[in-house]
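A.B. asks: next comes the sequence, and after it the predicted model I'd like to discuss.
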Amino acid sequence: MEEALLKQAGRRVVGTKQVLRGLKSGTLAKVYVANDADTFLYQRIVRAAESAGVPVVRVPTMKELGLLCGVEVASAAAGIAR
């Protein structure tokens, strides 16, 4: 259900750098992170989202998250803009 929102979202960012940048600037409403992402990146994204007060949705795999975002590569993180 949550994943369907990501697929339908008009304004989204894909990738760790863009998600962290969006969290820092306060432009993200929700963050998606893959459970199989690198542990350091996973924790960094989750901590940044929690600090920003942005809900985090966990997705089973990076491959699945990439497909949900409509990109052909695996993705560790994605976000929906406000």
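C.D. replies: Structure received.
A.B. asks: near residue 61, how many other residues are there?
C.D. replies: 14 (other Cβ atoms under 10 Å). C-betas here are computed from N, CA, C, even on glycine.
A.B. asks: please apply the same query to residue 21.
C.D. replies: Counted with other Cβ under 10 Å, residues neighbouring residue 21 total 14.
A.B. asks: and if you look at the one 4 residues further on?
C.D. replies: Residue 25 sits with 9 neighbouring residues when counted by other Cβ under 10 Å.
A.B. asks: now for it: which residues touch it?
C.D. replies: Residues counted as contacts of residue 25 (Cβ atoms under 8 Å, 6 or more residues apart in numbering): none.
A.B. asks: 862 is where my numbering starts, stick with that
C.D. replies: OK, 862 is where the count begins now, so the last one is residue 886.
A.B. asks: gap between it and residue 880?
C.D. replies: 11 Å (Cβ to Cβ, to the nearest Å).
A.B. asks: quick check: closest non-adjacent residue to residue 932.
C.D. replies: Leaving aside its chain neighbours, residue 932 sits nearest to residue 875 (5.9 Å; criterion: Cβ to Cβ, 6 or more residues apart in numbering).
A.B. asks: list the contacts of the one you found.
C.D. replies: Per Cβ under 8 Å, 6+ apart, neighbours of residue 875: 927, 930, 932, 936, 938, 939.
A.B. asks: I'd say the fifth one and residue 893 touch.
C.D. replies: Right, the one you point to is residue 938. Yes - contact criterion Cβ atoms under 8 Å: residue 938 and residue 893 qualify, at 6.6 Å.
A.B. asks: spit out the residues that contact these two alike.
C.D. replies: Contacts common to residue 938 and residue 893, judged by Cβ under 8 Å, 6+ apart, are residue 926.
A.B. asks: how far is stretch 874-894 from where the chain is centred?
C.D. replies: Computed by Cα atoms, centre = their mean, to the nearest Å, the chain-centroid distance of stretch 874-894 equals 6 Å.
A.B. asks: report the mean per-residue pLDDT for that stretch.
C.D. replies: Stretch 874-894 carries an average pLDDT of 95.
A.B. asks: other SSEs contacting the strand ranked longest in the chain?
C.D. replies: Across the chain, the longest stretch assigned as strand under DSSP state E is strand 889-895. When contacts are defined as 3 or more Cβ pairs under 8 Å, 6 or more residues apart in numbering; DSSP states H and E, strand 889-895 sits against helix 863-869, helix 877-886, helix 900-913, strand 917-920, helix 923-930, strand 938-942.
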